[in-house]
Each structure stands twice: as C-alpha cells, then as structure tokens.
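Student: Kindly return the folded structure for what I paste below:
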Amino acid sequence: MKEHNAPFVHLNVHTEFSLVDGILRIGPLVDTVAHSGMPAVAMTDHVNLFGMVKFHRAALAAGVKPIVGAELWLDDPVGGSDGPTRFIALVRTTAGYTTLTRLISQAYLQGQQGDRPVLRRDWIAADHAGLIVLSGGKDGDVGQALLAGDDDLAGERLDWWLQHFPDCFYLELHRCGRPGDEDHLHAAVAAATTHQVPVVATNAVRFLRREDFEAHEARVCIQQSRTLDDRRRPRDYSPEQYLRSAAEMAELFRDIPEAVANTVEIARRCNLGITLGENFLPEFPV
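Tutor: The predicted model follows:
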C-alpha cells in the first residue's frame, strides 16, 4: 500500500551508472519510489551524468519528480587535507544543470588524480550558479575536520561554502552503521547550531534491498581489483545503505526531524526543465 504524503526524499543515490560502487538499476529505483508514495528522488552518481536521460524519463513516467545531481571530488580544501573529499551537487535550476556539466567536464579534463576526476576549489568559486550542495557527511571537507576535532577548521570550511552557496548548502547526516557516522552526526548537529546551517538526512543509497549488500560488495571488489575474502580491503559500506522507506528514515532520525523535513524542502527547490527527443544542431555557415 502506498504511503501518501511521504515526509522524506532520497537525495544521495548511486545507480548502476556509478561504476565504482552502485548496483541500483533505474527501473526498480523509480518503481519502488513511486510505489512507496515518495514525491521525488535524486540520482547522484559518482562524477557522471550518464544515466540522466534514462532516469529523467523513467521518473516522469512514474509520476515521480526527478532530481539530477552528482557526487563530486574536491581537492585543495581550506586548511589542507590528506586527500580529496566528497560532496553532493544537486541541480536546482536549468542553469544549474549546465553548471554541473561544465564542472564534471573540467574535472575529467584538468583535474585527473590517478583514477579520480577532482575539482579545485577555485573552479567551483568561479562557476556554481543554480546548484544546491550537500556536505558529503563524514567524507566531506567539513566532516573530516569535525571528526578530527578541529572545530576552527570546520568553521573555516563552512564559511567558504556558505559564502558561495548562501541558502544552498546543507550539512549531510548519515546513520548507515559505518565507523564515524554517529560521531560525525553529533559534531555536525552542534556545528549546524553554532553556524546556523541547515542539516539534511540521507542514506547514501547504493543498492535496493538490504540483502543486495553482498552483490554490492562484489561490485566494489571488481572495481578495486580485490577479492571478497581479502582481509586488507577497505570496508567502506554497510548493509544499511539500501533504499529505506520514508517511515524508516523518519524513525531513524526521529531525534532530528528537521533533517528529514529538509529533504522535502530541497526537492521542492530543485526544478530542472529539459527538452528530450529534439535535435539541437550547431549552425555552420554554408
């Protein structure tokens, strides 16, 4: 039975087009969201928009609002770092879609670090119109500073984001059962209160059902060129990163209800208008 007026929208979802860590097919994703009564869902694949057209068409056909975005790498964070950090960029306007395509292209063309296409902070500062940013949770630059106990550095990084994304930056909270999730959550909520920054709950979705976790781990091992029984391989994911229902997310974050409510508010703010099925050819002088 449908859950009408679902008070939650998934805003961090990797599909099968996230070749590094996603096995969630677009069809089952959209069907599940529509059946559960959620009004919208985001696709935020790993530094790509390969599945955007398929996702956009499938969501509209199912009566679900499609939110387009991507998970991106950030280099040279304020204060230095041991390596690139992550953040989520969501398309807020049609202009934001072209912004995101330019940033992703720039990362691949000019920001390659090994197998990672990484963005520089000054590129984002120069080109960021029409986007909403989620902090990346414990894997973001603010989250890394919070977990290190460096509140001053976290505040400095927060100030940078708020300067360039006023009213469009959210501290992302996770409760996926991974090491550091809960420590980060409490530190992030404290920082949000101090700096007057809104928070938002996501489940960092990588697969459809909890029982799909082992298949997902196999996908990750293929990408890492490792085997499942390799004791040295990193365990970066948990069985909890499935497409939770709105009721499950509301219960999971019952102590921080604004983090759930803000998912619906962000979905309301994201409005992408694109034309599909029409050819746009360049004009060449004949």
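Student: Low-confidence bits of the chain, can you list those?
Tutor: Counting by pLDDT under 70, the chain has low-confidence residues at 1-6, 76-82, 230, 234.
Student: Run through the strands of it in chain order.
Tutor: Taking DSSP state E as the criterion, the chain carries its strands at 40-46, 65-75, 85-91, 112-113, 116-120, 131-134, 169-173, 199-201.
Student: Tell me which residues of the last one come out buried.
Tutor: The neighbour-count criterion (16 or more other Cβ atoms under 10 Å) identifies 199-201 as the buried residues of strand 199-201. All C-beta atoms are positioned from the backbone trio N, CA, C, and that covers glycine.
Student: Could you point out which of those residues is nearest to residue 115?
Tutor: Taking Cβ to Cβ as the measure, residue 115 lies nearest residue 200 of the buried residues of strand 199-201, at 29.1 Å.
Student: Name all residues that make contact with that closest one.
Tutor: 11, 134, 170-173, 259, 262-263, 266 (Cβ atoms under 8 Å, 6 or more residues apart in numbering).
Student: hang on, the earlier thing: which of the buried residues of strand 199-201 sits closest to residue 187?
Tutor: residue 199 (11.6 Å).
Student: roughly how far apart are the closest one and residue 283?
Tutor: For residue 199, the distance to residue 283 equals 47 Å [Cβ to Cβ, to the nearest Å].
Student: re the thing from before, most packed of the strands of the chain?
Tutor: strand 169-173 (a mean of 27; mean count of other Cβ atoms under 10 Å).
Student: So what are the sheet partners of it and their directions?
Tutor: strand 131-134 (parallel), strand 199-201 (parallel) (DSSP bridges).
Student: and it with strand 85-91, angle?
Tutor: Angle, strand 169-173 to strand 85-91, by axes from the mean of the first three to the mean of the last three Cα atoms, to 10 degrees: 120 degrees.
Student: Residues in contact with strand 169-173: which ones?
Tutor: Taking Cβ under 8 Å, 6+ apart as the rule, strand 169-173 contacts 12, 88, 132-137, 140, 142-143, 161-162, 184-185, 188-189, 191-192, 197-202, 253, 256, 259, 262, 266.
Student: With distance to residue 249 added, can I get the contacts of residue 200 in CSV?
Tutor: Converted to CSV, these look like this (distance: Cβ to Cβ, whole Å):
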residue, distance to residue 249
11, 11
134, 15
170, 15
171, 17
172, 13
173, 11
259, 9
262, 12
263, 8
266, 14
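Student: nearest to residue 276, of those residues?
Tutor: residue 11 (22.8 Å).
Student: Could you report the separation of the nearest residue to that closest one once chain neighbours are set aside from residue 126?
Tutor: With Cβ to Cβ, 6 or more residues apart in numbering as the measure, residue 42 is the residue that lies nearest to residue 11, at 4.5 Å, once sequence neighbours are left out. For residue 42, the distance to residue 126 equals 25 Å [Cβ to Cβ].
Student: Next: residue 274.
Tutor: Residue 274 sits 24 Å away from residue 126, going by Cβ to Cβ.
Student: Could you do residue 73 as well?
Tutor: Residue 73 is 17 Å from residue 126, by Cβ to Cβ.
Student: before we move on, what about residue 115?
Tutor: Counting by Cβ to Cβ - residue 115 and residue 126 are separated by 25 Å.
Student: do the same with residue 98
Tutor: Counting by Cβ to Cβ, the gap from residue 98 to residue 126 is 14 Å.
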